[in-house]
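> what follows is a protein structure lacking sequence information:
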């Protein structure tokens, strides 16, 4: 479970650097963006040592995407689009589903033949 938390924290930092790429204006903001890039990918890489990489990356990107859209609405007055919010909900449901069908050891459950 600890490695999944690393993915969640990495996604939070991903939101930070994605917003920084769009809104950074000062050297300090660009430095914060660079630190966020480093931390997010560092956590993703170390979590990927024990989690299945494809699932970990999908969860990382899904949470980061949803977080970025929500942060743009909350922090930068992006207009609220109900269809976009519904699709974010679907995305988060998919991310939760991926997490539920993936065990800590990295093997997805498979009920069919390979």
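Here it is on my side, so go on. The structure displayed is predicted, hence computed values, not measured ones. Numbers count the residues shown, from 1 in each chain.

> can you check which helix is longest in this protein?
helix 53-76 (DSSP state H).

> other residues contacting that helix?
Helix 53-76 has contacts (C-beta atoms under 8 Å, 6 or more residues apart in numbering) with 3-4, 7-8, 10-12, 14-15, 18-19, 23, 40, 44, 47-48, 78-80, 84, 88, 91-92, 94-95, 98-99, 102, 108. Heads up, the C-betas are built off the backbone N, CA and C, glycines and all.

> return the distance of it from the chain's centre.
The offset between the C-alpha centroid of helix 53-76 and the centroid of the whole chain comes to 4 Å, using C-alpha atoms, centre = their mean, to the nearest Å.

> low-scoring stretches of the chain, by residue?
Across the chain, the stretches falling below the confidence threshold (pLDDT under 70) are 103-114.

> quick one: the strands in this protein, in order.
Here the chain has no strands by DSSP state E.

> need the helices for it, in chain order.
For the chain, the helices defined by DSSP H occupy 2-23, 27-47, 53-76, 82-100.

> distance of residue 77 from residue 71?
As judged by C-beta to C-beta, to the nearest Å, residue 77 and residue 71 stand 11 Å apart.

> looking at those two, which one has more neighbours?
The neighbour count for residue 77 versus residue 71, taken as other C-beta atoms under 10 Å, is higher for residue 71 (16 against 8).

> gap between the more buried one and residue 65?
Computed as C-beta to C-beta, the residue 71 to residue 65 distance reads 11 Å.

> same question for residue 6.
Counting by C-beta to C-beta - residue 6 and residue 65 are separated by 18 Å.

> compare neighbour counts for the two and give me the winner.
The neighbour count for residue 6 versus residue 65, taken as other C-beta under 10 Å, is higher for residue 6 (21 against 18).

> now do the contacts for that one.
Taking C-beta under 8 Å, 6+ apart as the definition of contact, the neighbours of residue 6 are 43, 44, 46, 47.

> at 7 Å what do you get?
Counting by C-beta atoms under 7 Å, 6 or more residues apart in numbering, residue 6 makes contact with 43, 46, 47.
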